[in-house]
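Asks: sequence-free structure coming up:
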């Protein structure tokens with residue numbers, strides 16, 4: 001597919017001068033093709049350029065985030081009686097990679113079952129550690145800051161980390177968990 005995209009691009013580059021002059025001859029007095037034919041040629045060139053751009057975006061994504069080093073971090077919430085989320089900070093191997101402040105509407109969307117993508121990026125293969133810091137209001141309306149840490153082994157497959165905030169009815173406290181899946 002990539003070779004085909006490159007071939008299309010080269011064909012377009014070679015066809016542009018022909019489309020603008022209307023003919024392949026080098027004679028200055030050669031008749032210019034009719035506007036309708038030129039319009040259809042331009043439309044075909046536009047379609048080919050859009051296909052090429054799509055292929056280049058896919059190639060760029062493959063190069064920037066190869067599956068062998070990709071990690072994605074998601075956040076989900078449950079009920080939220082014991083914790084009102086204000087912010088989340090994510091550190092990967094000791095380096096801050098994501099920070100998000102929440103509006104009431106965003107928190108409401110999470111309560112209703114929404115999942116937020118906090119981070120997507122690359123990590124080295126082998127042992128990695130992710131720590132998420134949750135800031136908000138806890139029971140009795142007091143400031144609350146907790147962390148959840150997960151260590152994981154990165155293989156050749158993409159890794160997905162789910163950060164979950166849920167209520168514990170037994171302890172009347174929020175629970176913060178981090179789970180990794182490949």
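Replies: Perfect, I can see it now. Fair warning: this is a prediction, and the values are worked out from it, not measured in the lab.

Asks: now the longest helix along the chain: buried residues?
Replies: Ranked by residue count and defined by DSSP state H, the top helix of the chain is helix 35-64. Going by neighbour count (16 or more other Cβ atoms under 10 Å), the buried part of helix 35-64 is 41, 48, 52, 55. For glycine as for every other residue, the C-beta is placed from the backbone atoms N, C-alpha and C.

Asks: look up how far residue 45 lies from the third one.
Replies: Looking back up the chat, that one is residue 52. Taking Cβ to Cβ, to the nearest Å as the measure, residue 52 falls 10 Å from residue 45.

Asks: which residue is nearest the middle of the protein?
Replies: In the chain, the centroid-proximal residue (Cα atoms, centre = their mean) is residue 120; its distance is 5.9 Å.

Asks: name the SS class of it, please.
Replies: strand (DSSP: H, G, I helix; E, B strand; the rest coil).

Asks: for it, name its beta-bridge partners.
Replies: Counting by DSSP bridges, residue 120 is bridged to residue 72.

Asks: format the buried residues of helix 35-64 as CSV; extra columns: distance to residue 35 and pLDDT.
Replies: CSV is the format used below for the buried residues of helix 35-64 (distance: Cβ to Cβ, whole Å; pLDDT from 0 to 100):
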residue, distance to residue 35, pLDDT
41, 11, 86
48, 20, 93
52, 25, 93
55, 30, 91
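
Asks: quick one, domains of this structure?
Replies: The record's domain parsing of the chain by automatic domain parsing lists 2-64, 70-181.

Asks: please identify the most buried of those domains.
Replies: Counting by mean count of other Cβ atoms under 10 Å, domain 70-181 has the highest mean neighbour count of the domains of the chain, with a mean of 15.

Asks: now do that domain, average pLDDT.
Replies: The average pLDDT for domain 70-181 rounds to 90.

Asks: that concludes my questions; thank you for your assistance.
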